[in-house]
Each structure stands twice: as C-alpha cells, then as structure tokens.
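K.L.:
Have a look; sequence and predicted model below, questions after that.
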Amino acid sequence: MARYIGPKSKIARKFKEPIFGADRAFEKKNYPPGQHGVNKRRGGKQSEYGIQLMEKQKAKYTYGILEKQFRNIFEKASRKGGITGEVLLQLIESRLDNVVYRLGIAKTRSQARQLVSHRHITVNGDIVNIPSYMLRAGDIVCVRERSKSLEVVTNSVASRTNYSWLEWNADKLEGRFLNYPERSEIPENIKEQLIVELYSK
C-alpha cells in the first residue's frame, strides 16, 4: 500500500503539533512551512470546511492511513452503534500496526508498520503481515520467536508506555488487546466530531 514517506517535520509544522512524536526540527520552527510561514494567516480566517479538512488530514497523517482506507473505516464506524467519531477512533486504534506501536514493540507507527509487513509479528500464534488488520478483544499480539532479539524491538520495549486497554507480558514480549479504548484513554489531540461533520456533508 502507498503511504506518505516525505519530510515529517514539515507536516507537523503544517498542523502546528508534533503529531509524529518528539521532533527537534519542529521545536526550532514551530510555524507553518514555506517561504511565508512565519507570517502566514496571522490575520486570515479559515473556513469551516478548511478546519474540518485539516482535522481529517491530521488524523490520517497521525495514524498513517490513506484516504480510501480512512473513508472505509468511517463508513464502518457510522454503521456501528454509538458516537460515530469515538467509534472511528476506536476502530483505528484496533489496527495491528497501531497496537504494535501502543504496546511499545516499536517507537513509531511507521516502524510498527514495517515490523508487521516484514513478518515479525504474530496474532494468536499466526504470522500476520497486514498492518491494517483489525484486532478483536482477547487477541494476543506477540513478537515472533526469532525476531525477539532484534535491536529495534529491545530498544523500544525498554521505554514503553502502559495503556489500560492493553495487557503486556515483558517476559514473552506479547500483549493482549483487552477491549476498545474509551475516548478519554486515547491521547491523540484529534477533534473527531469535525471529521464526522466533514464526511456527513
């Protein structure tokens, strides 16, 4: 699948947030990219559509999802019961590449996607190399036996963060997807209601 592989600091500056994690380049230049970035839109007013579109693009770049896949997830969320925006984020959070990142097996989502694609990750004992694979409650995500000594994995798990909706076993390098996270448990600064409004037009 195609994905964005361009300069990440430039994208973070566009959204005025370090959406890809800690970034020295963003800290030095925390204004929009481009020749007129420092003075850009100081007095300009963004349209309602522009604000909604910006929020959708921020979510897509944050999770590394392209438009067609993002719309498919939105349509799936709108068919489910509950608040569409929250369900949308819950479905995205249940993607295998995101869970590998949240478990601390990888330091970034793009690194997690690579680990999955290169067959280093198993789900319930079977190798799964599809980053967009949706997990269900009770699924066990594990680092493949012969991949447990990979430097990228050992460095990452040393500084992992705990999430209440995931269970981690450090000895086996495996985690269990307990349930979909509540909105309050998802740390990303995304205004999902704006995305719902955009797609509902």
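P.N.:
That came through fine.

K.L.:
Quick check, pLDDT for the residue nearest the centre of the chain.
P.N.:
The structure's the chain has its C-alpha centroid closest to Tyr63; by C-alpha atoms, centre = their mean the separation is 2.8 Å. The score at Tyr63 is 94. That number is its pLDDT.

K.L.:
now do the one 3 residues further on
P.N.:
As predicted, Leu66 sits at a pLDDT of 92.

K.L.:
quick one: it and Lys60 touch, right?
P.N.:
Yes - contact criterion C-beta atoms under 8 Å: Leu66 and Lys60 qualify, at 7.1 Å. (C-beta placed from N, C-alpha, C; glycine too.)

K.L.:
Looking at these two, which has the bigger crowd around it?
P.N.:
Remark: of Leu66 and Lys60, Lys60 carries more neighbours, 17 against 12, as counted by other C-beta atoms under 10 Å.

K.L.:
Tell me the helices and strands packed up against the helix or strand containing the more buried one.
P.N.:
Using DSSP states H and E, Lys60 falls within helix 48-63. Contact here means 3 or more C-beta pairs under 8 Å, 6 or more residues apart in numbering; DSSP states H and E; on that basis helix 48-63 packs against helix 8-15, helix 67-79, helix 192-199.

K.L.:
could I get the ones you listed as a markdown table with mean neighbour count and distance to Val123?
P.N.:
Shown next, in a markdown table, are these (neighbours: other C-beta atoms under 10 Å; distance: least, C-beta to C-beta, whole Å):
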| stretch | mean neighbour count | distance to Val123 |
| --- | --- | --- |
| helix 8-15 | 19 | 28 |
| helix 67-79 | 15 | 19 |
| helix 192-199 | 19 | 26 |
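
K.L.:
Let's have those in TSV, adding distance to Glu151.
P.N.:
Formatted as TSV, those follow (distance: least, C-beta to C-beta, whole Å):
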stretch	distance to Glu151
helix 8-15	22
helix 67-79	30
helix 192-199	36
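
K.L.:
can you pull out the strands in this structure?
P.N.:
Counting by DSSP state E, the segments of the chain that form strands are 121-123, 126-127, 140-143, 166-169, 174-177.

K.L.:
Kindly provide the whole-number mean pLDDT of the second one.
P.N.:
The predicted model assigns strand 126-127 a mean pLDDT of 97.

K.L.:
Can you give me the end-to-end span of stretch 180-199?
P.N.:
23 Å (C-alpha to C-alpha, to the nearest Å).

K.L.:
now do stretch 149-163
P.N.:
Stretch 149-163: ends 24 Å apart by C-alpha to C-alpha.

K.L.:
Please apply the same query to stretch 144-153.
P.N.:
Span of stretch 144-153 from end to end, C-alpha to C-alpha: 11 Å.
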